[in-house]
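Novice: here are the coordinates; sequence isn't available:
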């Protein structure tokens with residue numbers, strides 16, 4: 001074992017590259033042809049390239065996302081909110097298209113309940129809505145809600161029964 005150690009010491013003394021660095025030794029200078037300014041310039045261009053690549057990919061992804069959301073697929077959207085009518089704080093009535101039917105839904109903070117399903121096909125309502133008055137939904141909704149209002153007095157019940 002001692003022989004191997006002595007051989008290793010002799011080899012280290014003969015080859016200065018293998019000798020351990022002493023505490024007072026200077027760090028070796030960079031190799032010729034590599035400058036600090038050139039290295040900094042390479043790092044700067046690499047960083048600029050990565051930032052440019054990130055900006056371009058973000059813009060492309062935003063554009064693709066916009067196209068995917070704007071175009072209904074072959075299955076179409078399952079639900080489409082046609083109109084919303086706010087009745088009070090945390091209370092509203094919403095008209096929702098489900099395939100070829102329109103449902104009127106009541107939404108409160110306690111839950112959601114189906115009020116009625118309109119018998120008129122969704123396409124007819126959509127066509128009449130395009131050329132009609134935007135306040136027509138509110139008028140139709142108020143008429144629909146009048147049917148479900150409870151009379152406040154017994155005399156009102158008697159008046160409706162006589163009429």
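Specialist: That came through fine. If you're wondering where the values come from, they're calculated on a predicted model, not measured in any experiment.

Novice: only C-alpha atoms for contact and neighbour calcs from this point on.
Specialist: Noted.

Novice: sort out which residues of stretch 99-108 are buried, please.
Specialist: Judged by neighbour count using 16 or more other C-alpha atoms under 10 Å, the buried positions of stretch 99-108 are 102-107.

Novice: can you name every helix or strand that the longest strand anywhere in the chain contacts?
Specialist: If you go by DSSP state E, the chain has its longest strand at strand 79-88. Helices and strands touching strand 79-88, by 3 or more C-alpha pairs under 8 Å, 6 or more residues apart in numbering; DSSP states H and E, are strand 91-98.

Novice: which other residues reach the strand it packs on?
Specialist: Under the contact criterion C-alpha atoms under 8 Å, 6 or more residues apart in numbering, strand 91-98 has outside partners 78-87, 102-109, 122.

Novice: quick one on the thing from earlier: narrow the buried residues of stretch 99-108 to those in strands?
Specialist: Per DSSP E, the buried residues of stretch 99-108 map to strands at 102-107.

Novice: nearest to residue 4, of those?
Specialist: When these are compared for distance to residue 4 (C-alpha to C-alpha), residue 107 wins out at 87.9 Å.

Novice: what sits opposite the closest one in the beta ladder?
Specialist: residue 92, residue 112 (DSSP bridges).

Novice: show me the domain layout of this structure.
Specialist: The chain breaks down by automatic domain parsing into domains covering 37-66, 79-151.

Novice: just to revisit the earlier point, what pairs with the longest strand of the chain, and is each one parallel or antiparallel?
Specialist: strand 91-98 (antiparallel).

Novice: and the strand it pairs with with strand 101-108, angle?
Specialist: When axes from the mean of the first three to the mean of the last three C-alpha atoms, to 10 degrees is applied, the directions of strand 91-98 and strand 101-108 differ by 160 degrees.

Novice: any idea which helix or strand in this protein has the lowest mean pLDDT?
Specialist: In the chain, no helix or strand scores lower on mean pLDDT, DSSP states H and E than helix 122-131, which sits at a mean of 55.

Novice: check which residues of the next helix or strand after it are buried.
Specialist: Using DSSP states H and E, the helix or strand that follows helix 122-131 in sequence is helix 136-148. By neighbour count on 16+ other C-alpha under 10 Å, the buried set for helix 136-148 is 137-138, 141.

Novice: name the residues of stretch 87-96 that are buried.
Specialist: Of all the residues in stretch 87-96, those buried under the rule 16+ other C-alpha under 10 Å are 91-96.
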